[in-house]
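Novice: From the sequence below, what's the structure:
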Amino acid sequence: MEDKYHHLWILFRSRMAQRADDAASTEKKEMYDWVLEETALIEAEVFLEE
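Specialist: Here you go, the predicted structure:
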């Protein structure tokens with residue numbers, strides 16, 4: 001089950017990065033960038049807990 005969630009997490013990050021690259025407005029790009037920053041912080045917190 002863990003592999004499934006890891007795959008979904010990677011897919012989510014990939015899609016958010018693609019949407020940030022394709023964003024038509026600066027506001028949308030900033031929102032996607034913020035989501036990516038938050039996911040990176042979550043990953044860092046989990047890594048430090050292990």
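Novice: give me every residue that touches residue 33.
Specialist: Residue 33 is in contact with residue 20, counting by C-beta atoms under 8 Å, 6 or more residues apart in numbering. Yep, even glycine has a C-beta here, placed from its N, CA and C like the rest.
Novice: Tell me the confidence at it?
Specialist: Residue 33 is assigned 94 on the pLDDT scale.
Novice: same thing with residue 1?
Specialist: Looking at residue 1, its pLDDT reads 61.
Novice: do residue 15 as well
Specialist: With respect to pLDDT, residue 15 has a value of 94.
Novice: now for the host helix or strand of it, which elements pack on it?
Specialist: Using DSSP states H and E, residue 15 sits in helix 2-22. When contacts are defined as 3 or more C-beta pairs under 8 Å, 6 or more residues apart in numbering; DSSP states H and E, helix 2-22 sits against helix 26-49.
Novice: Tell me where the model's unsure across this protein.
Specialist: Applying pLDDT under 70 to the chain flags residues 1.
Novice: 80 instead, please
Specialist: Applying pLDDT under 80 to the chain flags the ranges 1-2, 50.
Novice: Could you report the neighbour count for residue 28?
Specialist: 13 (other C-beta atoms under 10 Å).
Novice: List the contacts of the helix holding residue 15.
Specialist: The contact list for helix 2-22 (C-beta under 8 Å, 6+ apart) reads 28-29, 32-33, 35-36, 39.
Novice: now that helix against helix 26-49, angle please.
Specialist: Comparing the axes of helix 2-22 and helix 26-49 via axes from the mean of the first three to the mean of the last three C-alpha atoms, to 10 degrees yields an angle of 150 degrees.
Novice: which of the residues in helix 2-22 are buried?
Specialist: 16, 20 (16 or more other C-beta atoms under 10 Å).
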